[in-house]
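Chemist: Fold the following.
(chains A and B)
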Protein chains: 2
Amino acid sequence: MALITYLPRNEDGIAAAIGILKQRFGERFQTGQAIRDQHGHTTTWILTQPPDAVVFPTETAEVTEIVKTCADHGVPVIPFGTGTSLEGHVNAPAGGICVDLSQMNQVLAVHAEDLDCVVQPGVTRSQLNTYLRDQGLFFPIDPGADASLGGMAATRASGTNAVRYGTMKDNVLSLEAVMPDGRVIRTASRARKSSAGYDLTRLLVGAEGTLGIITEITLKLHGIPEAMSSATCSFRTVEEACNAVIATIQMGVPVARIELLDTPMVQGMNGYSKLSLPETPLLMLEFHGSETSVAEQAETFGEIAADCGGSDFAWTANAEERTKLWQARHDGYWAALSLRPGAKGISTDVCVPISRLADCVTATQEKTAKLGFIAPIIGHVGDGNFHTLVLVDMEDDNEVARAEGFVSWLNDLAISMDGTCTGEHGIGQGKKPYLKKELGAATDDMAAIKAALDPKGIMNPGKIF
Amino acid sequence: MALITYLPRNEDGIAAAIGILKQRFGERFQTGQAIRDQHGHTTTWILTQPPDAVVFPTETAEVTEIVKTCADHGVPVIPFGTGTSLEGHVNAPAGGICVDLSQMNQVLAVHAEDLDCVVQPGVTRSQLNTYLRDQGLFFPIDPGADASLGGMAATRASGTNAVRYGTMKDNVLSLEAVMPDGRVIRTASRARKSSAGYDLTRLLVGAEGTLGIITEITLKLHGIPEAMSSATCSFRTVEEACNAVIATIQMGVPVARIELLDTPMVQGMNGYSKLSLPETPLLMLEFHGSETSVAEQAETFGEIAADCGGSDFAWTANAEERTKLWQARHDGYWAALSLRPGAKGISTDVCVPISRLADCVTATQEKTAKLGFIAPIIGHVGDGNFHTLVLVDMEDDNEVARAEGFVSWLNDLAISMDGTCTGEHGIGQGKKPYLKKELGAATDDMAAIKAALDPKGIMNPGKIF
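Modeler: Numbering: from 1, shown residues only, chains lettered A, B, ... in the order given. You can find the predicted model right below:
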């Protein structure tokens, strides 16, 4: 809990903004404790710091009004999507107004010929994919939660498909945003590529709401592949599995998903999802393409895996079997928690060059074993990104302290391997000390940009910096 | 020539910096007219504005010294790669010191397992690919010229492979840069993905040297595909060709290259490269993958093309035929110039949503015909990006004025179609008025970032803004 701090509150400003916004938004402006607590709470072990009020705008012009009011009175503005971030991103350490964007949830346009669409920030990824399905299109980025696309853009989210389709950084064409002074900007045209000035799109993607509020997103879409196949393969060690991943990617096999589960994670999944996978490190893969291509990809991977010591290789193009497998993967968080009922999970998020992945995972396993933790590992290994879910009794201060020590140790290890403390979850409050360790002097330039675009410091204060 | 302006010169500061740097760098500091002219001249119709001196650093620490000296004396710093940019990027409208990075041309590391490498900014793309070939790796971004990778990063360059491999934005993992106050920063770790703070990598990529000097680049690499095949197909109209492109991409055929040549361009290539292609709009494609996959991709495209009215479809996996075809494509600039000996070519660079591409190309052809120009078109149509090379007698002021009017008209048209005035060449001096038209209020945020990171305004002044 060491990472939580409170910042000075501007009581007069907050009171003034509340007065104005309450009158303006009526029922769409809430100050009840329950709703405030809910908006400071995320899927995280970090303590809740509720905002003073929550407002529900329905259009960009209303977001502008809110931001201008808060700017006039020097009041913090905290954008909120679905509250599924993991690093205290929606906490309000200086109080302020939470802007819940869930009522801005319209798909505004789908341009099928251009393979793009325009959505409001409150649209969730599953809502979008349901909307698109009839047109044979899909949006590939899939963090574990059914997050909002605005939140996913703000945290530069990714998920299991990133190895093939990239992250939010690669799939946002353009943004509309309300800046800290209330101006509305559009960061780019709808062209697939551009060299037109500074890349404000990529600056706002991953800025965690500290530079403005995203009010509209133009996303790249993809055609639903003609065929998909899935494969699993067991390995004696994590190192063997990682070698298979490296060889697969070097060979240019265009895997859509390639996920590593360590032995405890496979045990958890077997129990939780009623599977009977061999209880050793496992790779789960998915291939997208034509019928011929997905068969060829699966077979090529099978050969590589065998060369690397893999066993029990199986692949299927059967939709039902595929769905069962990936549902189990997406339930990995709950499967992991089931290994220690009552415990909370603290998720790490390091990402290292893939040549260091086996070392990093193995060292992690040794460290958590030494500390006496149950800490299953699941990873987007095509990108070198993995999550350790440390299962902790949050009532036991000593255990919590040890978990914090472990998280710190792992982040330092990843940084020492020329990796990052966060592959996809973001900095928020939880990773602030590590950002400085990771990027040093570059954080001064980030701070200079923050000060230039948000001189009053009202946008989501206490995050990143 | 209307776009060239001069900015106030800081004569005293320039004299002081020249004195200090001359003493420090000796023979690696040049003030001769010929070398200065050469460093203000780019592959462009924009007039030369030479710097006051050219310095050739060999390492980052020397770049820091140069920048600090210039910062102390308020003197412009203009980074220079190979001088192949098209929009006056290396001109010195306020004079100053050109930093020629051609002696920083070492490949510092290749991490084959991680599919990345670290290079100095003066390494050219062909130098890198020659270096990598033995390891079965390649770097895909290929602007027409054999540009330096530092320059390619600075202008967010792309080329014929972008439809599959993306642009420099997608292929730079991390940068080292000397900032305007002389601090050296690293923008990211070597991890494949990251959510660690603001994306300074993407901010510097495309900043055209206005925020700092790139001194080291970590690039993503790709395995040389097991097989490649090429295809050509003729169409009666540009519209039919564009429909085939849209269908191919919607089907998810992972084309590596898909280029459109209009009739005049095909005529030029037939003459210049001794080909006998049907003189109608042409698509040229390349497919990368396994033997099976490239055959399947070519055949799938052939079927789509036939449905769209294509004819004379031919494909080959023969390396010699492939090379001849793509050499002809890369010689397109010279082939186009051969259509009007003695003329200069003014290249446009608009990029529009692909659904608008046929309209945009057709309107362009009609407009240039009406203006009496020979103006062949060649385009990276998978991205909606095309270049019109307007062949102009630069001695004829009236003709030059008409050409300027045409460029302005086309940029406005692309912007009205929700496209951009520049898909890959950048803003430089030539496109400044259009950036404002295209992105409006967002350019204020760009200017705020520029002022925050370069408060003295010394980094490549007179570009972008």
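
Chemist: Show me the beta-bridge partners of residue A:311.
Modeler: Residue A:311 has the following beta-bridge partners by DSSP bridges: residue A:234.

Chemist: Please read the previous query as pertaining to residue A:99.
Modeler: residue A:55, residue A:79.

Chemist: Let me see the ranges of the helices in the stretch 51-200 of chain A.
Modeler: A:60-73, A:125-132, A:149-154, A:162-165, A:168-171, A:200-204 (DSSP state H, counting those that start in this stretch).

Chemist: now for the fifth one, which elements pack on it?
Modeler: Counting contacts by 3 or more C-beta pairs under 8 Å, 6 or more residues apart in numbering or on different chains; DSSP states H and E, helix A:168-171 is packed against strand A:213-220. All C-beta atoms are positioned from the backbone trio N, CA, C, and that covers glycine.

Chemist: The strand it packs on packs against which elements?
Modeler: helix A:60-73, strand A:77-80, strand A:116-119, helix A:149-154, helix A:168-171, strand A:172-178.

Chemist: and the nearest residue to residue A:126 once chain neighbours are set aside, how many neighbours?
Modeler: Computed as C-beta to C-beta, 6 or more residues apart in numbering or on different chains, the closest residue to residue A:126 that is not its neighbour in sequence is residue A:146, at 4.8 Å. Residues within reach of residue A:146, counting by other C-beta atoms under 10 Å in any protein chain shown, total 13.

Chemist: Pick the most buried one from the helices of the stretch 51-200 of chain A.
Modeler: helix A:149-154 (a mean of 30; mean count of other C-beta atoms under 10 Å in any protein chain shown).

Chemist: Residue A:321 contacts residue A:230, correct?
Modeler: Yes: counting by C-beta atoms under 8 Å, residue A:321 touches residue A:230, with 7.2 Å between them.

Chemist: Settle it for me: which of those two has more neighbours?
Modeler: Neighbour count, other C-beta under 10 Å: between residue A:321 and residue A:230, residue A:230 has more, with 25 against 14.

Chemist: And the strands in the stretch 351-465 of chain A, which stretches?
Modeler: Counting by DSSP state E, counting those that start in this stretch, the stretch 351-465 of chain A has strands at residues A:377-380, A:385-392.

Chemist: Using JSON lines, please lay out those strands together with mean neighbour count and mean pLDDT.
Modeler: Formatted as JSON lines, those follow (neighbours: other C-beta atoms under 10 Å in any protein chain shown; pLDDT from 0 to 100):
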{"stretch": "strand A:377-380", "mean neighbour count": "26", "mean pLDDT": "95"}
{"stretch": "strand A:385-392", "mean neighbour count": "26", "mean pLDDT": "96"}
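
Chemist: Quick one, which of those gets closest to residue B:394.
Modeler: Residue B:394 sits nearest to strand A:385-392 of all the strands of the stretch 351-465 of chain A, at 53.4 Å, using C-beta to C-beta.

Chemist: give the contact list for the most centrally placed residue in chain A.
Modeler: Residue closest to the average C-alpha location in chain A (C-alpha atoms, centre = their mean): residue A:157, at 3.6 Å. Listed by C-beta atoms under 8 Å, 6 or more residues apart in numbering or on different chains, the contact set of residue A:157 reads A:141, A:143, A:147, A:151, A:167-168, A:424, B:195.

Chemist: Which phi and psi values does it adopt?
Modeler: phi -70, psi 160 (degrees, to the nearest 10).

Chemist: contacting residues around the nearest residue to it once chain neighbours are set aside?
Modeler: Leaving aside its sequence neighbours, residue A:157 sits nearest to residue A:143 (C-beta to C-beta, 6+ apart; 4.5 Å). The neighbourhood of residue A:143, defined by C-beta under 8 Å, 6+ apart, consists of A:84, A:125, A:152, A:157-159, A:424.

Chemist: And the nearest residue to residue A:170 once chain neighbours are set aside, how close does it get to residue A:171?
Modeler: Of all residues not flanking residue A:170 in the chain, residue B:170 sits nearest, at 6.3 Å (C-beta to C-beta, 6+ apart). Relative to residue A:171, residue B:170 is positioned 11 Å away (C-beta to C-beta, to the nearest Å).

Chemist: Quick check: the residue nearest to residue A:215 when sequence neighbours are not counted vs chain B, distance?
Modeler: What sits nearest to residue A:215 in space, not counting adjacent residues and going by C-beta to C-beta, 6+ apart, is residue A:60, at 4.3 Å. According to C-beta to the nearest C-beta, to the nearest Å, residue A:60 stands 13 Å off from chain B.

Chemist: Residue A:60 contacts residue A:212, correct?
Modeler: No: Residue A:60 is not in contact with residue A:212 according to C-beta under 8 Å; the separation is 11.7 Å.

Chemist: list residues touching both of the two?
Modeler: With contacts taken as C-beta under 8 Å, 6+ apart, residue A:60 and residue A:212 have residue A:178 as neighbours in common.

Chemist: Now name the helix or strand holding residue A:287.
Modeler: Using DSSP states H and E, the element containing residue A:287 is strand A:282-289.

Chemist: Please see if that strand touches chain B.
Modeler: Yes: judged by C-beta under 8 Å from any C-beta of the partner chain, strand A:282-289 comes into contact with chain B at A:288-289.

Chemist: Which other helices and strands does that strand contact?
Modeler: Other elements packing on strand A:282-289 under the criterion 3+ C-beta pairs under 8 Å, 6+ apart are strand A:227-234, helix A:238-250, strand A:255-261, helix A:291-307, helix A:319-330.

Chemist: Contacts for the fourth one next, please.
Modeler: With contacts defined as C-beta under 8 Å, 6+ apart, helix A:291-307 is touched by A:225-229, A:231, A:233, A:235, A:244, A:247-248, A:251, A:253-255, A:283, A:285, A:287-289, A:313, A:315, A:317, B:289-290, B:292-293, B:296.

Chemist: rerun that using 7 Å as the cut-off
Modeler: A:226-229, A:231, A:233, A:244, A:247-248, A:251, A:253-254, A:285, A:287-289, A:313, A:315, A:317, B:290, B:292-293, B:296 (C-beta atoms under 7 Å, 6 or more residues apart in numbering or on different chains).

Chemist: Filter those residues down to the buried ones and hand me the PyMOL line.
Modeler: Restricted to buried positions by 16 or more other C-beta atoms under 10 Å in any protein chain shown, the PyMOL selection for the contacts of helix A:291-307 reads:
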select buried, (chain A and resi 226+228+229+231+233+244+247+248+251+253+254+285+287+288+289+313+315) or (chain B and resi 290+293+296)
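
Chemist: give me phi/psi at residue A:376?
Modeler: Dihedral angles (degrees, to the nearest 10) for residue A:376: phi -60, psi 150.

Chemist: roughly how far apart are it and residue A:106?
Modeler: For residue A:376 relative to residue A:106 (C-beta to C-beta), the value is 39 Å.

Chemist: out of these two, which sits in the busier spot?
Modeler: When residue A:376 and residue A:106 are compared for neighbours, residue A:376 comes out ahead with 29 against 15, by other C-beta under 10 Å.

Chemist: list the contacts for that one?
Modeler: Each residue near residue A:376 by C-beta under 7 Å, 6+ apart is listed here: A:262, A:264-265, A:268, A:336, A:339, A:389.

Chemist: repeat that with 8 Å
Modeler: Going by C-beta under 8 Å, 6+ apart, residue A:376 touches A:261-262, A:264-265, A:267-268, A:335-336, A:339, A:388-389.

Chemist: Residue A:10 now?
Modeler: A:73-75, A:94-95 are the contacts of residue A:10 under C-beta under 8 Å, 6+ apart.
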